[in-house]
Every structure is written in structure tokens, then in C-alpha cells.
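Below: sequence and its predicted model.
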Amino acid sequence: METLSLDAFKQNRVYPTQKGLLDCQDTARDCDMFLGIVNPYSFEFKVFGEGYDITRLRSYGRWLKVVQGRDGESDATLGMYFDGAPGWYAALPNYRNQDELNKVYDLVRRNSQVPFN
């Protein structure tokens with residue numbers, strides 16, 4: 001797979017692409033659905049998506065992108081809470097719903113035992 005270039009990172013283009021498969025692009029052409037997952041915490045983003053606070057979500061935030069979907073929409077994204085210990089995913093609340101989002105931030109704080117400023 002293609003290594004993420006510095007230019008792509010600077011332009012906030014961190015999602016996987018079919019072009020990024022390089023010599024394996026035929027694989028993407030043959031599949032019905034091609035999904036990519038991004039961990040914005042690993043790229044040291046402060047905010048990601050439309051307004052999710054990555055400094056509070058830490059590595060519990062993941063974004064799923066439908067890179068290619070033959071039977072539905074392509075380029076759709078979904079923010080998710082991810083707990084790696086049990087392998088559990090759940091959709092994040094809308095970034096505008098601060099009450100529900102604060103519950104997720106509190107869950108992250110409790111799980112990571114790291115106080116936030």
C-alpha cells in the first residue's frame with residue numbers, strides 16, 4: 001500500500017483510497033465494498049470530522065469510510081467509538097450533540113484513566 005505522503009497529511013487527506021493500493025488496484029475493482037479505517041489520534045489531529053475533539057477521544061476514535069460501494073453510497077464516512085480490548089465499535093453521536101458526546105468523552109477518560117485539562 002502507498003505510504004501517506006506529507007502533502008496528503010497537510011491537506012487532511014488521510015483516508016485510504018483505491019489509488020493507494022498501488023499494484024493491487026485490481027483487488028478494489030473486483031470487490032463489492034471497499035472500506036477504510038482511520039485513527040486520527042495516530043496522526044496527532046486535535047480535531048477531526050466535523051468537530052470531534054481528538055485530544056479527548058484519543059485512540060478510542062476511529063473513522064470508517066466506504067471507499068467503494070457498488071450497491072450503495074461511496075465516500076460515506078462514520079465516526080466511531082472503538083474499544084480495542086473487547087473489539088467493540090459504536091457510532092459516535094453527532095458532533096453537535098454535546099451532551100451525548102460528553103458522555104463518550106467521559107467514557108474515554110474512565111477507560112484510559114488519564115485526566116483531561
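Thanks, I have the structure now. Residues are numbered from 1 along each chain as shown.

so who does the most centrally placed residue in the chain touch?
Compute the mean C-alpha point of the chain, and by Cα atoms, centre = their mean the closest residue is residue 63, 1.8 Å away. The contact partners of residue 63, by Cβ atoms under 8 Å, 6 or more residues apart in numbering, come to 15, 37, 38, 40, 48, 49, 77, 78, 79, 80. All C-beta atoms are positioned from the backbone trio N, CA, C, and that covers glycine.

mind listing the helices in the protein by residue range?
For the chain, helices defined by DSSP state H occupy the ranges 6-10, 25-30, 54-57, 98-112.

what packs against the shortest one?
Helices and strands touching helix 54-57, as assessed by 3 or more Cβ pairs under 8 Å, 6 or more residues apart in numbering; DSSP states H and E, comprise helix 98-112.

How about stretch 32-43, which residues are buried there?
Buried residues in stretch 32-43, counted by 16 or more other Cβ atoms under 10 Å: 34, 36, 38, 39, 40, 41.

no no, stretch 80-90
For stretch 80-90, by 16+ other Cβ under 10 Å, it's 80, 81, 82.

Give me the contacts around that stretch.
In this structure, residues lying in contact with stretch 80-90 by Cβ under 8 Å, 6+ apart are 57, 59-64, 91-92, 104, 107-108, 111.

before we move on, the earlier item: out of the contacts of residue 63, which are inside strands?
Cross-referencing the contacts of residue 63 against strands under DSSP state E gives 37, 38, 48, 77, 78, 79, 80.

Give me the below-cutoff pLDDT ranges for this structure.
Filtered on pLDDT under 70, the chain yields the residue ranges 1-13, 16-29, 114-117.

Which of the buried residues of stretch 32-43 sits closest to residue 98?
Nearest to residue 98 among the buried residues of stretch 32-43 is residue 40, at 19.1 Å by Cβ to Cβ.

any idea how far the closest one is from residue 14?
Distance of residue 40 to residue 14, computed by Cβ to Cβ, to the nearest Å: 7 Å.

what sits in contact with each of those two?
If you check residue 40 and residue 14 against Cβ under 8 Å, 6+ apart, no residue is contacted by both.

returning to what we had before: mind giving me JSON lines with the buried residues of stretch 32-43 and columns for distance to residue 69?
Converted to JSON lines, these look like this (distance: Cβ to Cβ, whole Å):
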{"residue": "34", "distance to residue 69": "8"}
{"residue": "36", "distance to residue 69": "12"}
{"residue": "38", "distance to residue 69": "17"}
{"residue": "39", "distance to residue 69": "22"}
{"residue": "40", "distance to residue 69": "22"}
{"residue": "41", "distance to residue 69": "26"}
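
Sweet, I'm off.
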